[in-house]
Each structure stands twice: as C-alpha cells, then as structure tokens.
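1. no FASTA, just this:
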C-alpha cells in the first residue's frame with residue numbers, strides 16, 4: 001500500500017469498495033458494500049450532516065483492514081474491526097467520523113443495556129456478534145459510555161447500521177458519495193493547516 005494522503009484516501013476507499021464490497025457480511029443477507037451504502041443512504045434520507053453520512057458509510061471499514069478471516073465471527077472470534085477502522089481513518093476524517101466507527105459496537109452494547117425495545121430489533125447475526133462483543137453493557141459501563149462527547153451521533157449511526165441490512169434495497173453507489181467524502185476530508189484538513 002502506498003502512502004495515503006488527503007488527495008488519495010477517498011480513491012483508496014473506493015477501490016476497496018470495488019474490489020471487496022461484494023464479500024458477505026458476516027451472516028447477514030446483504031454484502032458488505034450493500035450494508036455500508038444502506039447506512040449512508042438512511043443517514044442521507046434523514047437529512048444528516050455530511051460527517052454523519054460519512055460515519056454511516058464507513059462504520060464497518062475496519063472489516064477490510066484487519067488480518068482476521070472473513071468468517072471470524074462464525075469461528076467465535078470478535079475481530080475488533082471498529083478499532084482497526086477508526087485507526088485507518090484517523091487523520092483523514094474528523095473525530096465525529098472516527099468516533100462513529102470506533103464506538104459503533106459499544107453503541108450496540110449500550111443500547112441493549114438502556115433500551116428494552118432495541119434488542120428485539122437486532123438481526124440474528126447481530127445478536128450472535130453481541131455475545132462475542134461482551135453482551136449488554138454493565139451499569140458502570142453505561143455510565144462511562146454516556147460521557148462520550150458525540151454520544152447522540154454515535155447512537156444514531158448505530159441505528160442506521162442496524163437498519164441497513166435490507167436485501168435488494170436501492171442505494172446510491174460509492175462513487176455517488178465520493179465527492180461528499182472528499183469535502184469532509186478537505187474540511188478536516190483545512191481545519192488543521
């Protein structure tokens with residue numbers, strides 16, 4: 001992999017979507033790219049800001065960056081894709097985007113502990129991964145997680161994550177989102193020059 005820059009990161013991500021987006025999504029009835037594009041489409045339909053659409057689009061990018069096999073969850077292993085994804089995107093995207101990536105698994109555990117109706121909305125595969133990810137948060141974990149400065153946005157991206165598993169749902173393509181992603185990258189870079 002060549003060195004990434006603010007000028008190449010969006011193209012790099014797009015190449016990943018094109019090469020690996022058709023891979024299965026850990027027991028769900030949609031592919032990885034369908035799932036991520038559905039999250040973005042749901043965010044866009046809700047009138048979300050560009051950085052939240054980017055967070056929804058990239059929340060599972062870590063599945064492409066780790067060294068674990070695609071079927072790791074089926075083998076009973078949590079691959080910590082959320083941290084891997086946040087690390088890859090850190091420096092190119094603002095904290096709200098990387099927070100939505102880094103904390104989307106914890107947000108599921110938080111919502112399971114704080115919203116009695118939430119668990120019933122999870123897919124079978126998501127329930128399985130919840131067990132591998134530690135199950136619902138303890139009271140102490142809930143108190144600590146509630147201190148996240150971007151809590152509301154993190155939880156919203158998590159909900160779009162859960163909803164973005166609809167076979168056959170029409171969405172924009174990655175290329176449709178690329179200009180928006182570049183705007184988010186450029187704005188973040190501009191804020192740090």
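-> Sure, I can see it. Every value quoted in this text rests on a predicted model; they were computed, and no experiment measured them.
2. burial measure for residue 52, as a count.
-> By other CB atoms under 10 Å, the residues close to residue 52 number 24. Just so you know, the C-beta spots here come from the backbone N, C-alpha and C atoms, and that holds for glycine as well.
3. nope, residue 148 is what I was after
-> 17.
4. And the helices in the protein?
-> Taking DSSP state H as the test, the helices found in the chain are 9-20, 32-45, 50-58, 81-89, 95-102, 104-114, 124-132, 139-145, 151-163, 174-191.
5. what's the closest of these to residue 64?
-> Residue 64 lies closest to helix 9-20 among the helices of the chain, at 5.1 Å (CB to CB).
6. Now the closest one: buried residues?
-> Applying a neighbour-count criterion of 16 or more other CB atoms under 10 Å, one finds 9-10, 13-14, 16-17 buried in helix 9-20.
7. can you redo those residues as TSV with pLDDT?
-> Listed next are those as TSV, based on pLDDT from 0 to 100:
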residue	pLDDT
9	90
10	94
13	90
14	91
16	87
17	87
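8. can you pull the contacts of the residue most central in space within the chain?
-> Centroid-nearest residue in the chain: residue 59, 1.3 Å away (criterion: CA atoms, centre = their mean). Counting by CB atoms under 8 Å, 6 or more residues apart in numbering, residue 59 touches 36, 39, 82, 85, 100-101, 104, 157, 161.
9. How about residue 4?
-> 12, 92.
10. Which strands or helices does the helix or strand bottoming out on mean pLDDT in the chain pack on?
-> Every helix and strand in the chain was compared by mean pLDDT, DSSP states H and E; the lowest is helix 81-89, with a mean of 84. Applying 3 or more CB pairs under 8 Å, 6 or more residues apart in numbering; DSSP states H and E, we find helix 81-89 packed against helix 95-102, helix 104-114.
11. Pick the most deeply packed of these.
-> Mean neighbour count (mean count of other CB atoms under 10 Å) peaks for helix 95-102 among the helices and strands packed on helix 81-89, with a mean of 24.
12. angle of that one against helix 174-191?
-> Per axes from the mean of the first three to the mean of the last three CA atoms, to 10 degrees, the angle that helix 95-102 makes with helix 174-191 is 130 degrees.
13. what's the spacing between residue 20 and residue 47?
-> 30 Å (CB to CB, to the nearest Å).
14. Check residue 173 too.
-> Distance, residue 173 to residue 47, using CB to CB: 20 Å.
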